[in-house]
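>>> sequence? don't have it. structure:
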């Protein structure tokens with residue numbers, strides 16, 4: 001049976017491994033174009049192509065492609081508007097970019113042997129960009145008043161320092177949980193798919209040998225059913241995880257835009 005972890009290994013493309021290179025400020029780095037770069041680039045190109053096709057041929061009566069694009073646009077616009085409020089439109093481009101890029105990488109991973117969002121470095125980058133934007137907006141709008149987010153006035157004065165410390169630690173954990181949630185879901189789902197697909201191949205080969213090996217046929221059939229079911233589930237998870245990331249990013253933005261008071 002093939003190693004289910006092998007699909008997550010990063011490999012330089014043949015002829016595009018440039019070895020150790022000295023860069024200004026950074027220093028010595030191993031420079032190469034890898035399967036991870038290719039997967040992310042293809043996902044980015046497909047997202048741009050999809051949105052270009054949707055917007056360039058817009059009609060009053062939308063076709064299927066335009067309708068799909070408008071549904072995605074309306075979905076994220078509804079999220080930012082309902083969570084952040086009247087300022088939600090300002091932050092819609094960022095949230096929509098997060099949603100479409102993550103969705104593109106998740107779906108592309110169902111067709112390629114490499115899923116970019118199964119790499120913690122990728123999901124961590126998305127999470128870091130989100131939390132840095134949240135902090136930047138917090139200080140830009142409120143200055144030092146941003147720290148009022150960690151001083152819950154609704155709590156009794158005696159326990160406010162404790163609750164405030166919990167809120168502060170929770171805030172620091174936000175990028176970690178954002179990164180781990182997406183990474184864990186994509187990693188676990190693809191590992192399960194690879195394991196059951198391996199059972200199909202190995203049990204099928206055993207049955208082909210004849211004799212007692214025919215007992216492997218029911219196991220192969222059951223594993224094939226699991227592969228089909230998990231594949232359908234993974235397509236749903238690919239969408240849901242992108243949507244959850246967009247929702248959480250909007251919630252974190254709302255906390256600093258409205259300083260935790262809602263809208």
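Sure, I can see it. What you see is a predicted model, and the numbers here were worked out from it, not measured in a lab. Numbers count the residues shown, from 1 in each chain.
>>> Helices of the stretch 151-263 of the chain, start to end?
Ranges of helices within the stretch 151-263 of the chain are 160-208, 216-257, based on DSSP state H, counting those that start in this stretch.
>>> Those helices: which one's closest to residue 48?
When the helices of the stretch 151-263 of the chain are compared by C-beta to C-beta, helix 216-257 sits nearest residue 48, at 16.4 Å. Where C-beta positions appear, they are placed from N, C-alpha and C, glycine not excepted.
>>> Give me the packing partners of the closest one, helices and strands only.
helix 64-84, helix 88-108, helix 120-142, helix 160-208 (3 or more C-beta pairs under 8 Å, 6 or more residues apart in numbering; DSSP states H and E).
>>> Now do that helix, average pLDDT.
For helix 216-257, mean pLDDT rounds to 91.
>>> Count the residues that sit near residue 77.
16 (other C-beta atoms under 10 Å).
>>> meant to ask about residue 78, not that
That count, for residue 78 with other C-beta under 10 Å as the rule, works out to 11.
>>> show me where pLDDT drops low in this structure?
1-2, 210-213, 260-263 (pLDDT under 70).
>>> Looking at it, which strand is longest?
strand 12-23 (DSSP state E).
>>> of the helices and strands packed on helix 216-257, which approaches residue 246 most closely?
helix 88-108 (4.1 Å).
>>> Now do the SS call for residue 59.
coil (DSSP: H, G, I helix; E, B strand; the rest coil).
>>> show me the residues around it that make contact.
residue 66 (C-beta atoms under 8 Å, 6 or more residues apart in numbering).
>>> okay, the helices of the stretch 151-263 of the chain in JSON lines with distance to residue 88 next?
Putting the helices of the stretch 151-263 of the chain into JSON lines (distance: least, C-beta to C-beta, whole Å) gives the following:
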{"stretch": "helix 160-208", "distance to residue 88": "19"}
{"stretch": "helix 216-257", "distance to residue 88": "7"}
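>>> Select, out of these, the one closest to residue 139.
Nearest of these (C-beta to C-beta): helix 216-257, 8.7 Å.
>>> Could I get the buried residue list for stretch 146-161?
146, 149-150, 160 (16 or more other C-beta atoms under 10 Å).
>>> quick one: contacts of stretch 103-121?
7-8, 10, 35-36, 38-40, 42-44, 46-47, 102, 122-123, 179-180, 182-183, 186-187, 190, 231, 234-235, 237-239, 241-242.
>>> The same query, at a cut-off of 7 Å, please.
Residues outside stretch 103-121 that contact it (C-beta atoms under 7 Å, 6 or more residues apart in numbering): 7-8, 35-36, 39-40, 42-43, 46-47, 102, 122-123, 179, 182-183, 186-187, 190, 234-235, 238-239, 241-242.
>>> Could you check how far it is from the centre of its chain?
9 Å (C-alpha atoms, centre = their mean, to the nearest Å).
>>> How about stretch 146-154?
The answer for stretch 146-154 is 30 Å, by C-alpha atoms, centre = their mean.
>>> does residue 32 sit in a helix, a strand or a coil?
strand.
>>> Just give me the neighbour total for it.
Neighbour number of residue 32 under other C-beta under 10 Å is 15.
>>> Tell me the bridge partners for the nearest residue in space to it that is not next to it in sequence.
Closest residue to residue 32 apart from its sequence neighbours, by C-beta to C-beta, 6 or more residues apart in numbering: residue 12 at 3.8 Å. When bridges are called by DSSP bridges, residue 12 pairs up with residue 34.
>>> Now do the same contact list for residue 12.
Contacts of residue 12 by C-beta under 7 Å, 6+ apart are 32-34.
>>> Next, count neighbours for residue 29.
12.
>>> That one falls within a helix, correct?
No - assignment of residue 29 by three-state DSSP gives strand, placing it outside any helix.
>>> and the gap between it and residue 18?
10 Å (C-beta to C-beta, to the nearest Å).
>>> still on that earlier bit, can you tell me which of the helices and strands packed on helix 216-257 is packed in deepest?
helix 88-108 (a mean of 20; mean count of other C-beta atoms under 10 Å).
>>> Let's have the helices and strands packed on helix 216-257 in TSV, adding distance to residue 25.
Converted to TSV, those look like this (distance: least, C-beta to C-beta, whole Å):
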stretch	distance to residue 25
helix 64-84	36
helix 88-108	27
helix 120-142	19
helix 160-208	24
